[in-house]
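**Q** What shape does this take:
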Amino acid sequence: MNRFVEFINTGNEDLAREVISPDAVFHAPSHPEPLRGPDGYLEVLGMMRSAFPDVQWTLEETVTEGDTVAARFTMRGTHDGEFFGIPASGNKISVQAMNFYHLADGRIVGERGQPDLLGVMQQIGALPAP
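**A** Alright, predicted model coming up:
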């Protein structure tokens, strides 16, 4: 998981191929269909980096059982690009995400991600804050 966090925080393509299986399947709320392999994950990172160029994820907690890892992250960044049609606000965000990873042979073969998109939308000013 530490190498994976290094990958998502740098977007390093070589590292992506090291930690993600070519057959990996990712379910992201931003895409109706699953994404596949390192290139699919790089697509999601590209979308996030275009909206939040300084985005960084901090791994806060993990629980591991067999080949499954539950991970809680804090995502932080600055809204300096369009995000789901919302123009850049310059606002800083800090939200939680809960992701479940499936591993095989030391690589990620699957992920289901649940970022706090409501919190993101509130913090960039797209929705009223509570």
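**Q** now the top strand by length along the chain: mean pLDDT?
**A** Scanning the chain for the strand with the most residues, using DSSP state E, yields strand 92-104. The pLDDT scores in strand 92-104 average 98.
**Q** What of stretch 60-67?
**A** For stretch 60-67, the mean pLDDT works out to 97.
**Q** same check, this time on stretch 115-130
**A** 94.
**Q** Show the contacting residues for Q56.
**A** Shown in contact with Q56 (Cβ atoms under 8 Å, 6 or more residues apart in numbering): N9, M75, R76, G77. For the C-beta atoms, the positions are set from N, CA and C on the backbone; glycine is no exception.
**Q** surely the last one meets I93?
**A** Just to be clear, that refers to G77. Yes. The pair G77 / I93 is scored as a contact, 5.7 Å apart, by Cβ atoms under 8 Å.
**Q** what do those two both touch?
**A** Joint contacts of G77 and I93 (Cβ under 8 Å, 6+ apart) are F52.
**Q** List the buried residues for the longest helix along the chain?
**A** Using DSSP state H to define each element, the chain has its longest helix at helix 37-51. Residues G37, P38, G40, Y41, L42, E43, V44, L45, M47, M48, R49, A51 are the ones in helix 37-51 that count as buried (16 or more other Cβ atoms under 10 Å).
**Q** List the buried residues in the helix or strand following that helix.
**A** Toward the C-terminal end, the helix or strand that comes next after helix 37-51 (DSSP states H and E) is strand 56-65. Neighbour counts using 16+ other Cβ under 10 Å place W57, L59 of strand 56-65 among the buried residues.
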